[in-house]
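**Q** Sequence plus the predicted model coming up.
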Amino acid sequence: MSILKTEYKEPTRPYSQKELQSIQNKLYKDLYLSNVEARHQNCGHKYLVKKNGRKEKDILENISLNPDKYIIDNSDVGNCSVCWKLNKTPNKYKDKATNIIYWYNRINNDNYLSYFDINVENIYYKWLYDNNDKNNNDKNNNDKNNNDKNNNDKNNDEL
Ligand SMILES: [Zn+2]
C-alpha cells in the first residue's frame, strides 16, 4: 500500500508544539534524515537528504569547495530525488504525489509547527524514501545465486 493513499484527518484534539516536535524528530530519526537540504533550482524541489548518504557528502563537498556561493547554489547537486521518485510513482498516485510536493514546499520554516505541516512532511518523506530495499536485496541474492551456480557449473566442467 502506498503512503500516498493516506487521507488527511483533522486532529481530534489539540497537539502541543512539543508533541509535534517529537513526531518530527521521530520521522527524521526513523528515516535517517540529515539536516542538509538539497534544493534544485530547475524544478524547485527541496528535501532533506539522507544522513551519511552520497548526496549529503556531495553537497557538503560542494559547499567547502565554493564557500562564497549561496547555499542554494551549493545544495543543487546531482539529480533531484523528488523528480526521480515522481517518475517512478505509478500513474494513479502521481496527482497525490504532486499535491504532497506542493504542500511540502509551502511549509514555512518559521519554527512554528502545525499538525497539517507535520502530516504533509511525514507523507512526503515516507513517499520519497520508501525504497524497495527488500526487492533490491532479493535481486542481489538472485544474482549471487546465479553466479554461484555458474561457478559450480564451471567447476563441474573442470572435473
Ligand atoms: Zn525535482
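**A** Noted; the coordinates are in hand. Numbers count the residues shown, from 1 in each chain.

**Q** so the closest residue to residue 71 other than its chain neighbours is in which element?
**A** Excluding its sequence neighbours, the residue lying closest to residue 71 (CB to CB, 6 or more residues apart in numbering) is residue 63, at 7.1 Å. (Each C-beta comes from the backbone N, C-alpha and C, glycine too.) Per DSSP states H and E, residue 63 falls inside helix 54-65.

**Q** Distance from the next helix or strand along the chain from that helix to the middle of the chain?
**A** Sequence order places helix 71-74 as the next helix or strand after helix 54-65, per DSSP H and E. When distances are taken as CA atoms, centre = their mean, to the nearest Å, helix 71-74 is centred 19 Å away from the chain's centroid.

**Q** I'd like to know which elements whichever helix or strand comes after helix 71-74 is packed against.
**A** As assigned by DSSP H and E, the chain's next helix or strand after helix 71-74 is helix 81-88. For helix 81-88, the packing partners by 3 or more CB pairs under 8 Å, 6 or more residues apart in numbering; DSSP states H and E come out as strand 46-50, helix 91-105, helix 115-128.
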